[in-house]
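K.L.:
Sharing a model that was predicted from the sequence below.
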Amino acid sequence: MRRIGPITGTALLTLYSLTALWAGREGVPLNDYTRLGQRFTAPQAFYGLWVVVPSWLDAEGGLTLTLWDSPQRTKRLAQKAFTNIADNARVSLFLPKALPRGVYYWEVHERTGQTKVGLYGDTLESETEDCAYFDGVPDRKRRFSFGTTPASFPGTDTSELIAALKSAATVEDRMEVCRQLAVVGKSEAVRALTDLLEDEQFSHMARYALEPMPYAAVDAALRGALKKSKGPALVGIINSIGKRRDPGAVGSLDRLLHDPHSEVASASAIALGKIATRAAANALERAMGSAPAGVRSAVYEGSLDCAGKLTAQGQRHKTIAIYDKLCTPERPIAVRVAAMRGAIVARQAKALPLLIGQLRGTDPGMVNVALWVVQHELPGAKVTEALAAELSKLPSERQLLLIQALGNRGDRAALPALLAVARSGDRPVRLAALRVLPNIGDASAVPALVMMLVESDAEVSQAAREGLAALPGREVGAAVASLLDSSEDR
């Protein structure tokens, strides 16, 4: 038998601590439930959450840890999946922003692996609201083992945080204050954060705190900082204005479109696209013809973004004008393709001449975008009828593409045209049409398919047989029976 060496005092202390920690605790396998959760009250702001996970001496199982606003799970605040969890490991969920003190709820779910994995639970002497939940049902005398990671400044009072921001605290602590102000800051914090916008060290975190605040004073502060800032700080302020979509900044951003520093001009173009007012659209349209080469891609990106947002606002006339300018031959192909899609979708029912023009054209990119719109973004029987009428006019290679698109539309208005090319088109076209008929066909397709069963071309005959078998509905069977009866009579 191998001798066991002497146990050191440190080892004894560690062993005693672990024994005290886990005494009276029971492992609860997630295997027996869909989800296990815990309601808790955070006494101060926190930016992390951890739970201890037993895996019964195995390291193969996994689970997902999710933080919610309440046991009703109305708003998910953070989530992370863990795999191959070592026995009794602490798994941690860190938050993008510190959360203020208050009531929250976490749970584990979506178990993975083949072995046990779960939580440690304590039995309480009395009932509490901050209790464990088993598949959404509270057990008021149970609690799971977990903990939170408090923020550097536990207070959530805005005046306390402002005082800390102005103090001689470390850079890290002052940045943590900015993180908390982004969550809990009141209007009186705007002035203190504005003072940091021109500070290269703190400008980013000041903007981080200001961006989510719902106060007009924030927009005024950012507009004012445009005149005083330069370099990366100026680019950051422009980005924040774009995120907040401040229409009051359009005039200043229009001027900055012509800034000699391409980073500043490019950021202004992107911001104008996010703001997406008519004034912003006009500024971007003017820049299309005057922006230097290093800024043009940002102008195009901003213009496409602006046009998309204006479409959503119902301003289709202005949208179409922007897209049409972006479709001209001198634009890069990626821009033209994106703009053509927007131009067709914005026109809706009036888009047919433009759509068919692209299907007839020689630019593969424009053909592909037209086919995409046909299949995904331009519904209606009139569109289908117009496309079907175009089918026989196209070369065989283009017919194959349009046949597939019509099949994917699933509109029976295309059935007569598809049957026509199935009967008399080129062989690849006939086969393509026969193979999409089950997507849109009905009993009216039966006579044509039955006629093609006796084709001398074995592949066409087989495709007709498969198409006939795949047609849905009882009417198809009745139509076949009727044809057989009429054949016997003759």
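P.N.:
Ah, there it is.

K.L.:
Give me the contacts around the longest helix along the chain.
P.N.:
Taking DSSP state H as the criterion, the chain has its longest helix at helix 293-312. Helix 293-312 has contacts (CB atoms under 8 Å, 6 or more residues apart in numbering) with 257, 262, 265-267, 269-276, 278, 280-281, 284-285, 287-288, 291, 316, 318-319, 322-323, 325-326, 331-332, 335, 338-339, 342, 345-346. Heads up, the C-betas are built off the backbone N, CA and C, glycines and all.

K.L.:
Any chance of a PyMOL selection covering the buried ones in those residues?
P.N.:
Applying 16 or more other CB atoms under 10 Å to the contacts of helix 293-312, the buried members can be selected in PyMOL as follows:
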select buried, resi 257+265+266+267+269+270+271+272+273+274+275+276+280+281+284+285+287+288+291+316+318+319+322+323+325+326+331+335+338+339+342+345+346
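
K.L.:
In helices, which of the contacts of helix 293-312 appear?
P.N.:
262, 265-267, 269-275, 278, 280-281, 284-285, 287-288, 316, 318-319, 322-323, 325-326, 335, 338-339, 342, 345-346.

K.L.:
quick one: the strands in this structure?
P.N.:
Ranges of strands within the chain are 26-29, 35-42, 46-53, 62-68, 76-82, 89-99, 102-112, 118-123, 132-134, 137-139, 142-144, 146-150, based on DSSP state E.

K.L.:
quick one: which of those has the weakest pLDDT on average?
P.N.:
Across the strands of the chain, strand 89-99 has the smallest mean pLDDT, namely a mean of 86.

K.L.:
got the angle for that strand vs strand 102-112?
P.N.:
140 degrees (axes from the mean of the first three to the mean of the last three CA atoms, to 10 degrees).

K.L.:
Not counting its neighbours along the chain, what's nearest Ala78?
P.N.:
Of all residues not flanking Ala78 in the chain, Leu67 sits nearest, at 4.6 Å (CB to CB, 6 or more residues apart in numbering).

K.L.:
Can you give me the distance of that neighbour to Gln79?
P.N.:
For Leu67, the distance to Gln79 (CB to CB, to the nearest Å) stands at 7 Å.

K.L.:
again with Trp68
P.N.:
Using CB to CB, Trp68 is found at 9 Å from Gln79.

K.L.:
and those two? which has more neighbours close in?
P.N.:
For Trp68 versus Gln79, neighbours defined as other CB atoms under 10 Å are more numerous around Trp68 (19 against 14).

K.L.:
Enumerate every residue touching that one.
P.N.:
Counting by CB under 8 Å, 6+ apart, Trp68 touches 74-77, 104-107.

K.L.:
Wait, Pro54 touches Arg90, no?
P.N.:
No: applying CB atoms under 8 Å as the test, Pro54 and Arg90 come out as separate, 11.3 Å apart.

K.L.:
So which of the two has more stuff around it?
P.N.:
Using other CB under 10 Å as the criterion, Pro54 and Arg90 rank with Pro54 on top: 23 against 13.
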